[in-house]
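Q: here is my input, please return the structure:
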Amino acid sequence: MSCHSKPVAAASAAVGDGDTVTPITSFSDKQLADSIFIIQLTAAVAAADSSSSSSDSSDTDSPLSSSFVNWSDVVPAKQCVGHREHQLRNASYALSLSRKLNATIFLLAEDIVEHRARLILTLFASLMTVDLSLTTKRNKAMIEAATATATATATAIN
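A: Numbers count the residues shown, from 1 in each chain. All right, here's what the predicted structure looks like:
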């Protein structure tokens, strides 16, 4: 079993059930060249954060908004096959979305298109770190809310 199998499985699970994109099998998977999977991964991280945010957020450029990914800016996978410029455009957009989530980026769009597995691993690890950070922040807020509710209830009883 590869040391990369768990992060690959976690990323595939985060993206979804495979109806809209085929899960990847490794960080050197040829499917990553069109960057659709990476864009969907950033959308999943942003969606997990927005599910815990307040509904009064009106900033549409915020990662907390439901329109985090502008899908009209993404070149469909079928059009990317054999067209490096389309692949680079999607890869650049994927990196831009990752930056909006405050992920630390150590690679270029060319590294994604050329299947540089170790550099792609750093991107996935950074996105997983962002997701973990958002989950921790969300859990802390839930604990604080529960504590406040319990305190208010105890005060009302006394």
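Q: list the contacts of F124.
A: Listed by Cβ atoms under 8 Å, 6 or more residues apart in numbering, the contact partners of F124 are 7, 11, 27, 41. To be clear about C-beta, it is placed using only N, CA and C from the backbone, and glycine gets the same treatment.
Q: mind telling me what element the residue nearest in space to the middle of the chain is part of?
A: The centre of the chain sits closest to T42, judged by Cα atoms, centre = their mean, with a distance of 2.3 Å. Element membership of T42 [criterion: DSSP states H and E] is helix 36-50.
Q: quick one: average pLDDT of that helix?
A: Taken as a whole, helix 36-50 has an average pLDDT of 87.
Q: by contact count, what packs against it?
A: In terms of contacts (3 or more Cβ pairs under 8 Å, 6 or more residues apart in numbering; DSSP states H and E), helix 36-50 is packed against helix 5-15, helix 84-100, helix 117-157.
Q: list the buried ones in the helix or strand following it?
A: Using DSSP H and E, the next helix or strand after helix 36-50 towards the C-terminus is helix 77-80. Buried residues in helix 77-80, defined by neighbour count with 16 or more other Cβ atoms under 10 Å: 77, 80.
Q: give me the contact list for helix 77-80.
A: Identification of contacts with helix 77-80 by Cβ under 8 Å, 6+ apart yields 33-34, 36, 86-87, 90.
Q: please repeat the previous calculation with a cut-off of 10 Å.
A: Outside of helix 77-80, the residues within contact range by Cβ atoms under 10 Å, 6 or more residues apart in numbering are 21-22, 31, 33-37, 74, 86-91, 113.
Q: can I get the helix or strand hosting I112 as CSV, trimmed to CA atoms?
A: Counting by DSSP H and E, the element that carries I112 is helix 109-113. Extracted in CSV, the C-alpha atoms of helix 109-113 (Å, rounded to 0.1, in the frame of the first residue of the first chain):
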residue,chain,number,x,y,z
ALA,A,109,0.0,25.5,-13.2
GLU,A,110,2.6,23.7,-15.4
ASP,A,111,3.4,21.3,-12.5
ILE,A,112,-0.2,20.1,-12.5
VAL,A,113,-0.5,19.8,-16.2
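Q: and it, what does it pack against?
A: In terms of contacts (3 or more Cβ pairs under 10 Å, 6 or more residues apart in numbering; DSSP states H and E), helix 109-113 is packed against helix 84-100, helix 117-157.
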